[in-house]
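K.L.:
Here is my input, please return the structure:
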Amino acid sequence: LDSTPIYFTVEDGKTTTKTVTNKAISGILIHKVNAITGEGIYGVSFLLYDSGNNPIAQETSDDRGYVRFEGLEDGRYYLRELENEGYIPDTQKKTVYVKSGETTEVEWKNTPITGQIQVTKISADYNAMNGWPAGTPIPNTVFEIYNARTNRLADTIKTDKNGLAVSKPLPLARYKIVESKAAEFYGLDKTPIEVEIEHAGQIVKASMTNKSLSTNVSIKKTGYVEVMPGQLVRYNFTGIANNSTTALESFYWRDTLPVKAVRLQTIYTGTWNTPGNYKIVYRTNLSRDTWRTLADNLSASKNYVLDASPAALGLAANEYVTEFMAAFGIVPANFRQVEAPRVDCKALAKLTGGTQFVNQADAGGVYNGQWIMATSRWVTRVYAPSKPLPRTGY
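P.N.:
Numbers count the residues shown, from 1 in each chain. Here you go, the predicted model:
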């Protein structure tokens with residue numbers, strides 16, 4: 001910064017030009033790096049001495065291993081490393097020359113004092129999905145290893161066929177191990193464990209277990225066994241649940257209507273055992289590829305009565321609902337209904353006695369990119385007299 005005032009005069013019709021110069025900052029930029037990997041080393045302190053060996057400043061490396069000393073005058077300086085956990089210390093002073101307007105760059109390497117981390121993963125119980133008994137080594141489990149002090153990722157490892165995952169050589173430090181991807185048919189356990197590499201060549205061993213995972217959803221559809229043309233038709237939905245031992249994404253339950261026999265009138269949403277919000281969407285015969293929203297931000301703890309008649313939905317004269325769906329998003333394990341949902345429809349007046357129609361409902365969710373689904377169907381007959389009534393005469 002040059003705080004010297006600049007004076008000038010503005011004249012009519014003329015442009016006054018002034019040139020202001022600034023002197024570039026002089027300083028030292030140290031890059032503290034791992035001599036093996038070339039990665040920057042965090043948290044290393046350096047002491048700066050003037051030409052007379054008097055300490056004048058102290059700075060610590062940032063998360064990329066850089067240390068900055070700025071605003072220095074021309075001349076000779078000395079640098080000394082103060083501390084460097086997990087690395088062979090380099091305590092020898094280095095001489096650095098600073099020129100006016102320039103930044104002197106210094107790459108300072110350290111050889112790490114290393115050890116290793118080994119993680120063994122085994123099955124905590126019998127897994128009905130793959131038949132593995134408790135104690136079986138689990139392959140393909142991925143772990144992330146973080147430096148416990150800086151929270152920087154140090155390594156990513158995966159278990160082999162023997163359930164063993166081995167890290168690369170790591171500097172002496174305390175580390176946090178977090179499971180980032182579970183093996184197929186096992187639940188993810190993100191509970192971190194901490195270990196410490198305390199001396200050169202040390203192999204720190206940790207053993208972890210995973211509980212088996214199962215996926216299952218359910219839904220049951222029931223309704224009137226027999227109806228007459230033009231009559232109310234009621235369907236009940238029970239057992240809608242995520243019976244899995246893990247959360248499912250994109251969870252839903254849906255009803256596909258027998259549109260040749262009934263028209264949707266009213267939806268009773270029911271209630272659910274986990275707080276949250278969801279929405280009801282529907283499709284019509286004129287919008288088969290587009291979901292329309294009937295109601296949004298519904299509370300899982302409230303039972304709503306939704307008018308879904310053609311008049312309430314503003315449908316065209318030749319338009320009717322073909323299916324509707326409750327969309328919940330992510331639901332936890334054991335998510336299930338409390339009060340059962342139900343639906344009221346109206347049977348068409350043109351139905352022929354003795355015929356029957358089928359209503360289908362399904363529920364499902366996504367785990368690990370795969371859909372887990374269940375389906376239920378209900379058959380309803382159209383009433384027809386077994387034989388004409390006799391004539392009574394008069």
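K.L.:
Excluding chain neighbours, what is closest to residue 36?
P.N.:
Once flanking residues are discounted, residue 36 sits nearest to residue 112: 6.4 Å by CB to CB, 6 or more residues apart in numbering. Glycine gets a C-beta too; all of them are placed from N, C-alpha and C.
K.L.:
How many neighbouring residues does that neighbour have?
P.N.:
For residue 112, the neighbour count with other CB atoms under 10 Å is 21.
K.L.:
Hmm, it is touching residue 84, no?
P.N.:
No - in this structure, residue 112 is not within contact of residue 84 by CB atoms under 8 Å, at 9.4 Å.
K.L.:
need the contact list for the residue nearest to residue 36.
P.N.:
With contact set as CB atoms under 8 Å, 6 or more residues apart in numbering, residue 112 has these partners: 34-36, 86-88, 169-172.
K.L.:
Could you report the distance from it to residue 59?
P.N.:
Note on residue 112: its distance to residue 59, by CB to CB, to the nearest Å, is 22 Å.
K.L.:
same question, residue 210
P.N.:
45 Å.
K.L.:
Neighbour count: those two, which is higher?
P.N.:
The neighbour count for residue 210 versus residue 59, taken as other CB under 10 Å, is higher for residue 210 (22 against 17).
K.L.:
how many neighbours does the residue nearest to the more buried one when sequence neighbours are not counted have?
P.N.:
Distance criterion CB to CB, 6+ apart; nearest residue to residue 210, sequence neighbours excluded, is residue 186 at 4.2 Å. Taking other CB under 10 Å as the criterion, the count of residues near residue 186 is 25.
K.L.:
who does residue 186 bridge with?
P.N.:
residue 212 (DSSP bridges).
K.L.:
you'd agree it is up against residue 138?
P.N.:
Yes - using CB under 8 Å, residue 186 is in contact with residue 138, at 6.3 Å.
K.L.:
in the helix or strand hosting residue 329, what's buried?
P.N.:
Residue 329 belongs to strand 321-331 when assigned by DSSP states H and E. Across strand 321-331, burial judged by 16 or more other CB atoms under 10 Å covers 321-328, 331.
K.L.:
So which bits of stretch 174-183 are buried?
P.N.:
For stretch 174-183, the neighbour count (16+ other CB under 10 Å) marks 175-177, 179, 182-183 as buried.
K.L.:
Please apply the same query to stretch 88-100.
P.N.:
Across stretch 88-100, burial judged by 16+ other CB under 10 Å covers 90, 96, 98.
K.L.:
Not counting that stretch itself, show me its contacts.
P.N.:
For stretch 88-100, contacts defined as CB under 8 Å, 6+ apart pick out 23-24, 26-28, 49, 72-81, 83-84, 104, 106, 108, 110-113.
K.L.:
switch to 6 Å and redo it
P.N.:
Residues from elsewhere that reach stretch 88-100 (CB atoms under 6 Å, 6 or more residues apart in numbering): 26, 28, 72, 74, 76-81, 104, 111, 113.
K.L.:
Same question for stretch 167-175.
P.N.:
86-87, 112-114, 116-117, 145, 147-148, 154-155, 157, 195-197.
K.L.:
can you check stretch 26-33 too?
P.N.:
Contacts of stretch 26-33 (CB under 6 Å, 6+ apart): 40-41, 44, 61, 65-70, 72, 96, 98, 100, 103-109.
K.L.:
how about the CA coordinates for that stretch, as CSV?
P.N.:
Output in CSV follows, covering the C-alpha atoms of stretch 26-33 (Å, rounded to 0.1, in the frame of the first residue of the first chain):
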residue,chain,number,x,y,z
SER,A,26,8.5,-9.7,-0.8
GLY,A,27,8.2,-13.0,1.0
ILE,A,28,8.8,-16.7,1.3
LEU,A,29,6.4,-19.5,0.3
ILE,A,30,7.2,-22.9,1.7
HIS,A,31,5.5,-26.1,0.4
LYS,A,32,5.8,-28.9,2.9
VAL,A,33,5.4,-32.2,1.1
